[in-house]
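**Student:** fold the following.
(chains A and B)
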Amino acid sequence: MIQLEYLRVRWRVVIYLAIVLAAVVLAQISAGHSHVDVNGQEAHAGNIPLAAVIFGSGFVAAAFGAFLASLNALDDTLPSLWTKPVPRERMAISIIAVDLLAILTVWAGTFGLVLVAFAGLGLMSHLFVDPMASGAVWLGLATAFMCYGNVQALTAWHQGKGGMIAGIAFGSYFVLVILGGAPLQGLLHNLVMTLNIFNPLAYLGISSHNDEAQALFKFNDDLKIAIMFTIGIVGCAIGVFGWKRMEI
Amino acid sequence: MNHTIAIRGLTKRYGTFEAVSDLTLEVEPGSICGLLGPNGSGKSTTFKCLLGLVRPTSGTIEIEGKPVDASTFASLGFVPERPALFEKFTVAQHLDLNRRLYQKYDAARANELIDLFKLDRKKRAKRLSKGQQTALSLVLAFSIRPRILILDEPASGLDPIFQRAALDLIIDAAAGGATVLFSSHQIGQVERAADRVAILKRGKLVLDGNVDTLKGQEKVVEAIFEGAVPESNGLINDPRVRRVERTGRILRLYVRGDGDEFVRQLERLGPRSVDVLDLNLEDIFLGAVGERDESSSGVV
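**Tutor:** Next up is the predicted model:
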């Protein structure tokens, strides 16, 4: 099963990293005609926090994870898969393990490519290791894992709709986080805030230079990371349970 | 008696539609049971229930005396109606997956079958023709030296030469002690391979029995006339006549017993020829599902 999922995931990782590489190359070309700003100011030595790069890479991995998720992407082959002498849940866990490794690879690959881009643009000296860097690693991974787990849960009882559901989920994250900050009252506010519990963006804040201040849920980083990983794990467990119970 | 496959009181409903209705079917070790039925009769649903791909609404299913779980598949070869191969895998990678998953995987046997069906080991599954995909599914099912074979249209898309090869594989496996349950729309294949036949119609089992016994229960008395078939009410009303067919100048009586007496009666009507024919499985099938009764205007 690991071999099977590896083949499915391998090309997606390559294509995804190729897109990131293309963006890096484009950045190099366009930078040849302009100067680089950081937070609206011209970049100078020591004003690009490493945490931002790490977290940005995590966000790319989150998008990748969301679209990779769904055990049911394998639906055409289920009659073959489910008649192998391997329990379905073990099969599902193997698949999820390979997917998580792929998400890590995309995260590391994106981070590496961004550093290459920085080197190419002569910005390496502007990077500085800030105290939030190690937290950003975990927050980025938690975001990616939560996105992946959400799609697993949402597709647990569907066949072959992973991509569509991932797209809708990702769009909903942005809508929900905006609604969460809007002056809604009563039941609607409660509903939006409840849904935002499952929204990775609600833990991050996406439009500010100061993420902590703008996050919808203002917990400390450790608690945020714990909640996000827990939701990711529960999502995967629901996905496995749905796969085990599914009929074709 | 120990049954390798035991389906008892199986019912499967999708909403209000009953795909399989109170089906009881038991297959003895080492036998070949052909499951026949028109499209939508519940054959594939029965296979899916049998393999745990769908949950029965009611009833029980046992394979080798226990409910189906992952361990059942260690000695069970399955060919689905539509090949469910891993399209990015090559033929060789499919075999490799089998080698990893099945303790009883027989590489020599797999190679022999790959050569038999002339499959290219380096070709990806999605590049194979429909027939080649069926052939690969057969190779995968037979290469694990299964004790049980569940085959849903195992010769679908194969050319006549490979259809014969597939049939030989089934017969050979049963001769070696495997129990086979298979479906096919090609009644000739079932007649050649199966020693037992079960016929489904609209989810219900309408006939179940040993092929030779079923064939021996009736004879077809066929009379060909020079002109129109004369009136034969006396014959039609005979309780031993199960069915009468008139097609142009041909009169066929499906009768219980040896049919000699009916030959004498028909000869009195002045036919060009009268013959007693053995019933074939197609006759049994069509009789069981009532297809001719519904479609042929020449049937009485």
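
**Student:** for A:Asp177, the count of nearby residues, please.
**Tutor:** Asp isn't right for residue A:177; it's Val. A:Val177: 23 surrounding residues under other C-beta atoms under 10 Å in any protein chain shown. For the C-beta atoms, the positions are set from N, CA and C on the backbone; glycine is no exception.

**Student:** in what helix or strand does it lie?
**Tutor:** Using DSSP states H and E, A:Val177 sits in helix A:162-181.

**Student:** next secondary structure element downstream of that helix?
**Tutor:** Using DSSP H and E, the helix or strand that follows helix A:162-181 in sequence is helix A:186-196.

**Student:** would you mind naming what in the stretch 1-150 of chain B lies close to chain A?
**Tutor:** Counting by C-beta under 8 Å from any C-beta of the partner chain, the stretch 1-150 of chain B comes close to chain A at B:48, B:51-55, B:69-74, B:76, B:78, B:80, B:84-89, B:93, B:96-97, B:100-102.

**Student:** give me the buried subset of the residues you listed.
**Tutor:** Neighbour-count burial (16 or more other C-beta atoms under 10 Å in any protein chain shown) applied to the residues of the stretch 1-150 of chain B next to chain A gives B:48, B:51-54, B:70, B:72-74, B:76, B:78, B:80, B:84-86, B:89, B:93, B:97, B:102.

**Student:** so where do the strands sit in chain A?
**Tutor:** A:37-38, A:41-42, A:48-49, A:127-128 (DSSP state E).

**Student:** what strands line up against the third one, and which way round?
**Tutor:** Sheet pairing here is set by DSSP bridges, and for strand A:48-49 it gives strand A:127-128 (parallel).

**Student:** pLDDT of the strand it pairs with, averaged?
**Tutor:** For strand A:127-128, the mean per-residue pLDDT is 82.

**Student:** which residues are contacting stretch A:136-143?
**Tutor:** Contact with stretch A:136-143 is made by A:50-52, A:54-55, A:57-59, A:61-62, A:104, A:107, A:200, A:203-204, A:221, A:224-225, A:228-229, A:232, as judged by C-beta atoms under 8 Å, 6 or more residues apart in numbering or on different chains.

**Student:** which of those residues fall within helices?
**Tutor:** By the criterion of DSSP state H, membership of these in helices covers A:50-52, A:54-55, A:57-59, A:61-62, A:104, A:107, A:221, A:224-225, A:228-229, A:232.

**Student:** who's in contact with the closest residue to A:Ala27 other than its chain neighbours?
**Tutor:** Once flanking residues are discounted, A:Ala27 sits nearest to A:Ala117: 5.4 Å by C-beta to C-beta, 6 or more residues apart in numbering or on different chains. Residues in contact with A:Ala117, defined by C-beta under 8 Å, 6+ apart, are A:Val24, A:Ala27, A:Gln28.

**Student:** now do the buried residues in stretch A:171-190.
**Tutor:** Here stretch A:171-190 shows A:Ser172, A:Tyr173, A:Leu176, A:Val177, A:Leu179, A:Gly180 as buried, counting by 16+ other C-beta under 10 Å.

**Student:** want to throw those residues into JSON lines with pLDDT and distance to chain B?
**Tutor:** Below are the buried residues of stretch A:171-190 laid out as JSON lines (pLDDT from 0 to 100; distance: C-beta to the nearest C-beta, whole Å):
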{"residue": "A:Ser172", "pLDDT": "90", "distance to chain B": "30"}
{"residue": "A:Tyr173", "pLDDT": "89", "distance to chain B": "31"}
{"residue": "A:Leu176", "pLDDT": "91", "distance to chain B": "34"}
{"residue": "A:Val177", "pLDDT": "87", "distance to chain B": "37"}
{"residue": "A:Leu179", "pLDDT": "90", "distance to chain B": "37"}
{"residue": "A:Gly180", "pLDDT": "85", "distance to chain B": "39"}
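
**Student:** pipe those into CSV and attach distance to B:Phe162 per row.
**Tutor:** Shown next, in CSV, are those (distance: C-beta to C-beta, whole Å):
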residue, distance to B:Phe162
A:Ser172, 51
A:Tyr173, 52
A:Leu176, 56
A:Val177, 59
A:Leu179, 61
A:Gly180, 62
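
**Student:** quick one: which of those residues is nearest to B:Lys201?
**Tutor:** A:Ser172 (48.4 Å; C-beta to C-beta).

**Student:** and that closest one, how far from A:Ile165?
**Tutor:** Distance of A:Ser172 to A:Ile165, computed by C-beta to C-beta, to the nearest Å: 10 Å.

**Student:** intersection of neighbour lists for these two?
**Tutor:** Joint contacts of A:Ser172 and A:Ile165 (C-beta under 8 Å, 6+ apart) do not exist.
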